[in-house]
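Enquirer: Task: produce atomic coordinates for the following.
(2 chains)
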Amino acid sequence: MRIATWNINGIKARIDTLLRWLREVSPDVVCMQEIKCPDDGFPTGPIEELGYNVAVHGQKGFNGVAILSKHPIEDVRKGLPPLDGDQQARLISGLVAGPSGVIRVGSAYMPNGNPIGSEKFAYKLAWLERLTDWTRAELEKEEMLVIAGDYNVIPAPLDAKYPEFWVTDALYTPEARMAFRKLSALGFTDAVRAIDDRGGIYTFWDYQAGAWQRNNGIRIDHILLSPEAADKLCQAGVDRHVRTWEKPSDHVPVWVELS
DNA sequence: ATGGTTGAAACTCAA
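Expert: Numbers count the residues shown, from 1 in each chain, chains lettered A, B, ... in the order given. Sure thing, here's the model as predicted:
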């Protein structure tokens, strides 16, 4: 079964693009980020018409995550513990029973964290630590767990066309990269990296300064697999061609194929 | 040093 993640950058502005991609790829599960709408603003109708169930954790204007699934989504959990005082909608998870078995699938949108040293940067690092705490508890269940999303972290130099360009950016700070490594080290497999260890695989190109035309890209959207899920990893990749479509998101979909 | 772009929502912010 195919599980994908896509930072859509505004579901209302991108619904036709999403439907086109769903028809083309027909993934079993899609983790979405930056839907930028409240729950009742999500265009569930046309998505359900394509055979998907929908779970949404929305927010007006900013952030917002969702899960689409051809299989029923059970035990949906919204938000990242501790929930008190955190108004930002950046995590949703649910149990999906598909051809590969029962998987807890999480759609995660890590904070951007710029500029470095700001309150936002501190929130980013704290959020990654909270996610690490949450996943540590989940991993103890020794069940299939897939955390897919926009991590807003460039893990290594080969994950950027021009790494030196990013040294003053929160996405590439030693602190952010260390936090991502600490999360991964709990036992996750970075699916795309496990399949292909070469450079030049990017998931995001800025709208500005001709980043796409210059292939000035970075790999910040990741699919992390628990050991039980990694055992079933067959293939992984990036739907790069979607960036050539009209009115594209600045991110492209990333996917895994599990047996 | 600045500008370059986009979405959502509102006369600006976040990315």
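Enquirer: Spell out which residues of chain A are next to DNA strand B.
Expert: Contact residues, chain A versus DNA strand B (Cβ under 7 Å from any atom of the strand): A:9-14, A:36-38, A:41, A:60-63, A:111-112, A:114, A:120, A:207-209, A:247. Every residue, glycine included, has its C-beta placed from N, CA and C.
Enquirer: can you give me the helices in the stretch 51-200 of chain A?
Expert: A:119-139, A:174-184, A:191-195 (DSSP state H, counting those that start in this stretch).
Enquirer: Need the residues that contact the first one.
Expert: It stands for helix A:119-139. Residues outside helix A:119-139 that contact it (Cβ atoms under 8 Å, 6 or more residues apart in numbering) are A:80-82, A:90-91, A:104, A:108, A:110-115, A:145, A:147, A:152-153, A:170, A:173, A:175-176, A:179-180, A:182-183, A:186-188, A:226.
Enquirer: Go again with 7 Å.
Expert: Defining contact as Cβ atoms under 7 Å, 6 or more residues apart in numbering, one finds that helix A:119-139 is touched by A:80-81, A:104, A:108, A:110-111, A:113-115, A:145, A:147, A:170, A:175-176, A:179-180, A:182-183, A:186-187, A:226.
Enquirer: Now list the buried members of those.
Expert: A:80, A:104, A:108, A:110-111, A:113-114, A:145, A:147, A:170, A:176, A:179-180, A:183, A:187, A:226 (16 or more other Cβ atoms under 10 Å).
Enquirer: Which residue, other than its chain neighbours, is closest to residue A:195?
Expert: residue A:236 (4.3 Å; Cβ to Cβ, 6 or more residues apart in numbering).
Enquirer: With residue A:15 instead?
Expert: Among residues not flanking residue A:15 along the chain, residue A:43 sits closest, at 5.1 Å (Cβ to Cβ, 6+ apart).
Enquirer: Fine by me, we can end here.
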